[in-house]
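1. here is a sequence with its predicted model. Questions after.
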Amino acid sequence: MEIKSLVDPEGGLINRRIFADRDIYDLERERLFARCWLYLGHESEIPNPGDFAAAYMGEEPVILWRDLNGRARAFLNVCRHRGNRVCRADRGNAKLFTCSYHGWTYSSDGKLALVPRSEAFHDLDRDQWGLIPVAQIDNYKGLIFATFDPEAPPLLEYLGDMAWYLDILLDRRAGGTEVSGPIRWVVDANWKTAAENFGGDGYHIASTHGSARDLGIDTTTSETRISAKGHQISCGNGHILVAWATPPEDAGPWFAQPVAELADYMKKHTAEIESRLGDVRARKVSPSAGTVFPNLSVHWLTRTIRVWHPRGPDKMEIWSWAIVDKAAPPEIKEVMRFTSQYRFSPTGVFEQDDMDNWIQVTGAARSVIARRYPANYQMSLNEPAADVGLRGRITSRWSDSNQLSMYLHWAKVLEAKSWSEIQSSTA
Amino acid sequence: MDSALRQTIEDFLYLEAELLDERRLREWLELFTEDARYWAPIRHNPLERPDDPAEELSKPGESYYFNDTKETLRIRVERVYSKQAWAETPPSRTRRLISNVRVKKDDGREIEVHSNFIVYRTRMETDEDFFVGTRKDILRRVDGAMKIARRTIILDQAVLGAKNISIFL
């Protein structure tokens, strides 16, 4: 299949098949989810040796496990013997995992520590039968990522300019961040409908979220909405975000904060924030939402992170966390968590209204007739990049250029046979 | 516990269910005290079977489905009546079965009541969800009327099988 033909950046057209076809989805599992760096969890979820948290890399069940020496590791949650899951819990602390089926037992470094009746296996080389590890695991300021591909570039290189923007959420206070969650739920929609929405779609808010805005439950302030000055930012490698441009008369990290207590909190800590992030990131730009390619999305202003786990071409499982500054006082952390979860969760007054849109976009991709007609991504089509002193490729807020850049990268990853092929044409 | 009290409480809970099923949400909100809390924890699968099932639930300071006051509940209710609340436009049709009503405590002013629920939701053409769990309520006698002062909603699912909870439980 010619994947590139499904995405037409010059014409601003996307073939709807990318949201529905099983063969495209199978290719995503092999070439995208088994190769890209994927978000596994936050270091605050596994602070101590032996702590573990269940995770997924695409559809692959994974155990994120801090070994007894304190090193974060990740393994496929599959017993090497017959394939039973060795861990059935969502989180906890364990020195060993013993498979319930026949009792094969693994230590926190992944080694096969014990095999009942091992003498009957004659020459079983236990070193060859440990848990299947990820190929690379790394941590960016508390966010733990892993990839199953040893050829993938280092995490920092993979994140590129997106790391610079992630710092605005992860590194504005000493001590970094901590998370609570995940809240988990299942939605009958293709995972990309959500990834592209968080990565660029400021356009849908007035229509989709009008009710929440009218009741004062926005993700930013009404003044921010009225000025509506902002950017789409494409960081390369498929990473995209939307950000507000801070007005000179109100230039500080408090700008666009959705809740008065949080604006006050940011004001109070402006000196620290500015010393850590510098003038541009503290005073000139305020990211709202973005997607770390492929399926980690971030909402800076409401302090939310989530993963869109694929569950087939027309289904995803959402895992969502509130992410708060570790240095914040308890009552501010509570405001941060509420700001996140009252808006972004299955009960969220903002997010509830997104779900049917994504379900029905996915439904249209199954329609024999609708898929004869491409989806429209022509907003501000072919607009030139602006130079506003920020990193990445900057276009206007009312644009589909972010979404198209994500899908161009998506097509490239699906077509490429190796990481060198992906990287050669990324710039 | 006296059965007349249980009868009164059952009548109250059935009235509440009727208001929700008939989408009379503003009347439903008036069943809550001004200082009401409305809390629904999330849950996880533990490694070992806990002595107390509550260990599987999130605690204050962690994540939740609901952590509302009467004011934040009011905003949810008013949102449903606004024109662009798409998750409830068209509206969910619900049918709730409230059962196993247990009066746990009565100090003369407040009564602790536990009950089980199955809420069937259908919407649009063929959407279907079941919300199943238990509720732990603190009911308060206020000027001769029964009010909900605190509600804890414990859903049985660990990964919610529904696209949203745009209704009240």
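-> Yes, it's here.
2. which stretches of chain A form helices?
-> Taking DSSP state H to define them, one finds helices in chain A at A:22-27, A:155-159, A:162-170, A:191-200, A:205-208, A:210-214, A:222-227, A:260-268, A:270-283, A:330-341, A:352-366, A:401-415, A:419-424.
3. so which of the ones you listed comes closest to residue B:132?
-> Residue B:132 lies closest to helix A:352-366 among the helices of chain A, at 20.0 Å (CB to CB). For glycine as for every other residue, the C-beta is placed from the backbone atoms N, C-alpha and C.
4. is the closest one anywhere near chain B?
-> Yes - residues of helix A:352-366 are located near chain B by CB under 8 Å from any CB of the partner chain, namely A:352-353, A:355-357, A:359.
5. per-residue pLDDT, residue A:427?
-> Per-residue confidence at residue A:427 stands at 41 (pLDDT).
6. also residue A:346?
-> With respect to pLDDT, residue A:346 scores 98.
7. surely it touches residue A:185?
-> Yes - between residue A:346 and residue A:185 a contact is recorded at 4.6 Å, counting by CB atoms under 8 Å.
8. overlap in contacts, those two.
-> When CB atoms under 8 Å, 6 or more residues apart in numbering or on different chains defines a contact, the residues bordering residue A:346 and residue A:185 alike are B:160, B:162-164.
9. can you give me the neighbour number for residue 129?
-> In the absence of a named chain, chain A is used. As a burial measure, residue A:129 scores 16 neighbours (other CB atoms under 10 Å in any protein chain shown).
10. other chain: chain B
-> So residue B:129, with other CB under 10 Å, has 18 neighbours.
11. now stretch A:150-163 - C-alpha only, CSV.
-> The C-alpha trace of stretch A:150-163 is given here as CSV (Å, rounded to 0.1, in the frame of the first residue of the first chain):
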residue,chain,number,x,y,z
PRO,A,150,17.3,-0.5,19.4
GLU,A,151,17.8,1.7,16.3
ALA,A,152,15.6,4.5,17.6
PRO,A,153,17.6,7.7,18.2
PRO,A,154,18.2,8.7,21.8
LEU,A,155,15.1,10.1,23.6
LEU,A,156,16.3,13.7,23.7
GLU,A,157,17.0,13.7,20.0
TYR,A,158,13.6,12.1,19.3
LEU,A,159,11.8,14.8,21.4
GLY,A,160,13.8,17.5,19.7
ASP,A,161,12.3,21.0,20.1
MET,A,162,9.3,19.5,21.9
ALA,A,163,11.5,19.0,25.0
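12. I'd like the mean pLDDT over that stretch, please.
-> Here the average pLDDT along stretch A:150-163 is 98.
13. buried residues in it?
-> Neighbour-count burial for stretch A:150-163 flags A:152-153, A:155, A:158-163 (criterion: 16 or more other CB atoms under 10 Å in any protein chain shown).
14. quick one: contacts of that stretch?
-> Outside stretch A:150-163, the residues that touch it by CB under 8 Å, 6+ apart are A:35-37, A:135-136, A:138, A:140, A:145, A:166, A:235-237, A:239, A:241, A:290, A:292, A:391-392, A:418-420, A:423.
15. in the chain, where is pLDDT below threshold?
-> Defaulting to chain A. For chain A, the stretches flagged by pLDDT under 70 are A:425-427.
16. oops, chain B please
-> Answering for chain B: the residues below the bar, that is pLDDT under 70, span B:1.
17. which bits of it sit near chain A?
-> B:40, B:42, B:44-48, B:58, B:61-68, B:72, B:75-76, B:78-79, B:82-87, B:158-166.
18. may I see the PyMOL selection of the buried members of these?
-> To isolate the buried ones among the residues of chain B next to chain A in PyMOL, judged by 16+ other CB under 10 Å, type:
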select buried, chain B and resi 40+42+44+47+58+62+63+64+65+66+67+68+72+75+76+78+79+84+85+86+87+159+160+162+163+164+165+166
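19. can you list the helices of chain A in TSV and add distance to residue A:319?
-> Converted to TSV, the helices of chain A look like this (distance: least, CB to CB, whole Å):
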stretch	distance to residue A:319
helix A:22-27	19
helix A:155-159	20
helix A:162-170	17
helix A:191-200	12
helix A:205-208	22
helix A:210-214	22
helix A:222-227	28
helix A:260-268	24
helix A:270-283	27
helix A:330-341	13
helix A:352-366	15
helix A:401-415	20
helix A:419-424	26
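20. highest mean neighbour count out of those helices?
-> Mean neighbours per residue, mean count of other CB atoms under 10 Å in any protein chain shown, is largest over the helices of chain A for helix A:191-200, with a mean of 26.
21. just checking, what packs against that one?
-> For helix A:191-200, the packing partners by 3 or more CB pairs under 8 Å, 6 or more residues apart in numbering or on different chains; DSSP states H and E come out as strand A:239-245, strand A:285-292, strand A:296-299, strand A:304-310, strand A:316-325, helix A:352-366, helix A:401-415.
22. right, I'll leave it there.
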